[in-house]
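A.B. asks: have a look; sequence and predicted model below, questions after that.
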Amino acid sequence: YSPLCDSVAVFSRAVGDEVVDLGVSGYLYNSNTLLYDRRRQPRESPLWTQLDGEIVTEPGSGVASPLPLRVAALATWAQWRERHPGTRVLKPEPDLKRLYKRDPYHSYFGSDLLRFPVDPLPPGNHALKERLVVVAVDGVNVDLSLSKLAAQVGENSGTTQVDVLGLPLKIDFDIDLGVAAVTPLEMPERLQSVRYAFWFAWYAMNHSQKGTIPGIISAAN
């Protein structure tokens, strides 16, 4: 999860012939978290974007391949427990319990302002923080707007069905909570990945030039 982009992605850690140990580098690329391989010194590890698993820099030798994407499911805890009643979660550390109730991104999510530079920004008058669910079918990425799904149903939450490249998908969504669980109704092997992100982040990730140091900043700046 990358909070500035409100982006959720799941990857396989099997990269090439190795299994990487992913950690958060503390750097951002267009507001998106950059990941590194904790088996190496940060300066010697590739930096992967959290949203698409692509490499931004390759400063050293070793693993230098994209992270393989998988299907992510973003749902409420109630929805998840209904589908997976045996799930267990970690209990908060007692001394840190009060910190779990803090929401440092409340004001950020409540406006369309960005905290860090993003280039390029999407054209037009669409909200920068419009929430998207991005599905990859047969290698093709298709982004679906949660607000448009809600408009089709006429409710802020519910279930709808969409057709993506001939693959019927059921989507259970709640626009207020920003969740959307995607289920293929047939040929599940065609659905290669599911991700979630703000519109500005998805646009920038697909229109920026990776592989150069400019644009990477420390989140502490």
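C.D. replies: Now that the structure is in, tell me what you want to look at. Residues are numbered from 1 along each chain as shown.

A.B. asks: run through the helices of this structure in chain order.
C.D. replies: Using DSSP state H, the helices of the chain run over residues 77-83, 106-109, 146-153, 199-207.

A.B. asks: poorly predicted segments of the protein, please.
C.D. replies: Within the chain, the segments meeting pLDDT under 70 span 60-63, 209-221.

A.B. asks: picking up where we left off before, out of the helices of the chain, nearest to K97?
C.D. replies: The closest of those to K97 is helix 77-83. By C-beta to C-beta, the value is 17.4 Å. C-beta here means a position set from N, CA and C on the backbone, and glycine is covered the same way.

A.B. asks: please identify the buried residues of that closest one?
C.D. replies: The neighbour-count check on helix 77-83 (16 or more other C-beta atoms under 10 Å) flags 79-80 as buried.

A.B. asks: what do you get for stretch 92-111?
C.D. replies: Neighbour counts using 16+ other C-beta under 10 Å place Y108 of stretch 92-111 among the buried residues.

A.B. asks: circling back to that earlier point, next, format the helices of the chain as JSON lines and append distance to D176.
C.D. replies: Below are those laid out as JSON lines (distance: least, C-beta to C-beta, whole Å):
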{"stretch": "helix 77-83", "distance to D176": "14"}
{"stretch": "helix 106-109", "distance to D176": "12"}
{"stretch": "helix 146-153", "distance to D176": "9"}
{"stretch": "helix 199-207", "distance to D176": "17"}
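
A.B. asks: for the ones you listed, which one sits closest to K91?
C.D. replies: Nearest to K91, of all the helices of the chain, is helix 77-83, at 14.3 Å by C-beta to C-beta.

A.B. asks: and that closest one, what does it pack against?
C.D. replies: Under the contact criterion of 3 or more C-beta pairs under 8 Å, 6 or more residues apart in numbering; DSSP states H and E, helix 77-83 touches no helix or strand at all.
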